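>>> Let's see this in three dimensions:
(one chain, ligands or ions: 1)
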Amino acid sequence: METKCVLVTGAGRGIGKAIAIAYAKEGYQVAINYNGSEEAAKETAALCEKEGVKAKIYRCNVADFHAVEEMMKAVLTDFGSIDVLVNNSGITKDGLLLRMKEEDFDRVIQVNLKGSFNCIRHVARIMMKQRHGAIVNMSSVVGIRGNIGQMNYAASKAGVIGLTKSAAKELAPRNIRVNAIAPGFVETEMTDALSEEARRAAMEVIALKRFASAQDIANLAVFLGTDKSSYITGQTISIDGGMAM
Ligand code: NAP
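Residues are numbered from 1 along each chain as shown. Model prediction:
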């Protein structure tokens, strides 16, 4: 049986790293995208290889349309297929509305929303030829509920939900499923930046009274990328400890 391949963007650290390793544990070959964190990406690759699968790292800014096209070609050459794409890369540049700089709005949209589009756009051709595939996009509870100081991030993550539904409709006839994950608070470097006060406030609205681990999110990312979810497409699954009910 041929081994399947997953491409995970932003897989050097945080949630992406946990997703890459979770797929390796399922026997997938893993293509690890990174932008700035080369050493971390190498470490993720080594941890995947420990699971007995092939892993390779690819430096690419997902906001760069042509660079993403080149990355997809390289992954296809190296692995022979791209069966699952996990669009995980994301950034925040928070600020209250009246203080938010134009470049901070643009940058977050470029990486989070356009980056997801770029990857879907270029992987779709490959998956259409294969006549199968699954795409998992990382949204956020903030894309559903909005958040003070995160207009740029909320808009980008709401946009990811729109991308997901549209791509799901367009690609379903080609046997390609597209779903999104909407995490609440997850323990990573992104949430390390929160003040104690912000953490306490968050805890008050989380029914399960804890932040998610990256592994919690990885479990869902594997479910949505594999045949166990073969009748699910166009959905945004919240994984937030009961925050957005
Ligand atoms: P993180 O620890 O800050 O990691 C962000 C990842 O995105 C890094 O691997 C980074 O790669 C990558 N990245 C950033 N800019 C990139 C670019 N231009 N091109 C390619 N990769 C880029 O964040 P995280 O908490 O793991 O978040 C992962 C995803 O989950 C994000 O989409 C985030 O919005 C979403 N999310 C997180 C939470 C949370 O509470 N943590 C909640 C909801 C949703 P390099 O380091 O190599 O640049």
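>>> For the rest of this, base every contact and every neighbour count on C-alpha atoms.
Will do.
>>> near the ligand at all, stretch 184-201?
Yes - against the ligand, stretch 184-201 shows contacts by C-alpha under 6 Å from any ligand atom at G184, F185, V186, E187, T188, E189, M190, T191.
>>> Of all the residues in that stretch, which ones are buried?
When burial is assessed from 16 or more other C-alpha atoms under 10 Å, stretch 184-201 yields the following buried residues: G184, F185, V186, R199.
>>> Likewise for stretch 171-181?
Applying a neighbour-count criterion of 16+ other C-alpha under 10 Å, one finds L171, I176, R177, V178, N179, A180, I181 buried in stretch 171-181.
>>> Name the next helix or strand downstream of the helix or strand where R199 lies, please.
Element membership for R199, per DSSP states H and E: helix 196-205. Along the chain past helix 196-205, the next helix or strand (assigned with DSSP H and E) turns out to be helix 214-225.
>>> rewinding a little: in helices only, show me the residues of stretch 184-201 next to the ligand.
Counting by DSSP state H, the residues of stretch 184-201 next to the ligand place E189, M190, T191 in helices.
>>> my read: the first one touches G90, true?
No - with contact taken as C-alpha atoms under 8 Å, E189 and G90 are classed as non-touching, separated by 11.8 Å.
>>> which stretches of the protein form strands?
Read by DSSP state E, the chain holds these strands, from start to end of the chain: 5-8, 29-34, 55-59, 84-87, 133-138, 176-183, 236-239.
>>> and for the last one, what are the contacting residues?
Think strand 236-239. Residues from elsewhere that reach strand 236-239 (C-alpha atoms under 8 Å, 6 or more residues apart in numbering): S139, S140, V141, I161, N179, A180, I181, A182, P183, G184, I217, A244.
>>> do the fifth one as well
Counting by C-alpha under 8 Å, 6+ apart, the neighbours of strand 133-138 from elsewhere in the structure are 82-89, 116, 120, 127, 157, 160, 164, 175-182, 221, 224-226.
>>> now do 6 Å
Judged by C-alpha atoms under 6 Å, 6 or more residues apart in numbering, the contacts made with strand 133-138 from elsewhere in the structure are 83-88, 127, 176-181, 225.
>>> do the same with the third one
Counting contacts by C-alpha under 6 Å, 6+ apart, the residues outside strand 55-59 that touch it are Q29, V30, A31, I32, N33, Y34, N35, A45.
>>> and if we set it to 10 Å?
5-12, 20, 24, 28-38, 41-49, 67-68, 71-72, 74-75, 78-79 (C-alpha atoms under 10 Å, 6 or more residues apart in numbering).
>>> Alongside the ligand, which residues does this protein contribute?
Within reach of the ligand by C-alpha under 6 Å from any ligand atom, the chain has these residues: 9-16, 34-37, 60-63, 88-91, 111, 138-140, 183-191.
>>> Can you turn the buried part of these into a PyMOL selection?
Selecting just the buried residues from these in PyMOL takes one command, with 16+ other C-alpha under 10 Å as the test:
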select buried, resi 9+10+11+12+13+14+15+16+34+35+60+61+62+63+88+89+90+111+138+139+140+183+184+185+186
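>>> now for the residues of stretch 184-201 next to the ligand, which pair is the farthest apart?
G184 and E189 (14.4 Å; C-alpha to C-alpha).
>>> And the residue nearest to the spatial centre of the chain, how far from Y23?
In the chain, the centroid-proximal residue (C-alpha atoms, centre = their mean) is N88; its distance is 1.8 Å. When C-alpha to C-alpha, to the nearest Å is applied, the distance between N88 and Y23 equals 14 Å.
>>> Show me whatever sits in contact with both of these two.
Contact criterion C-alpha under 10 Å, 6+ apart; residues shared by N88 and Y23: L7, V8, A221.
>>> Just the closest of these to the ligand, please.
For the ligand, the closest of those turns out to be V8, at 9.4 Å, with distances computed as C-alpha to the nearest ligand atom.
>>> Neighbours of the closest one, how many?
Using other C-alpha atoms under 10 Å, the number of residues around V8 comes to 25.
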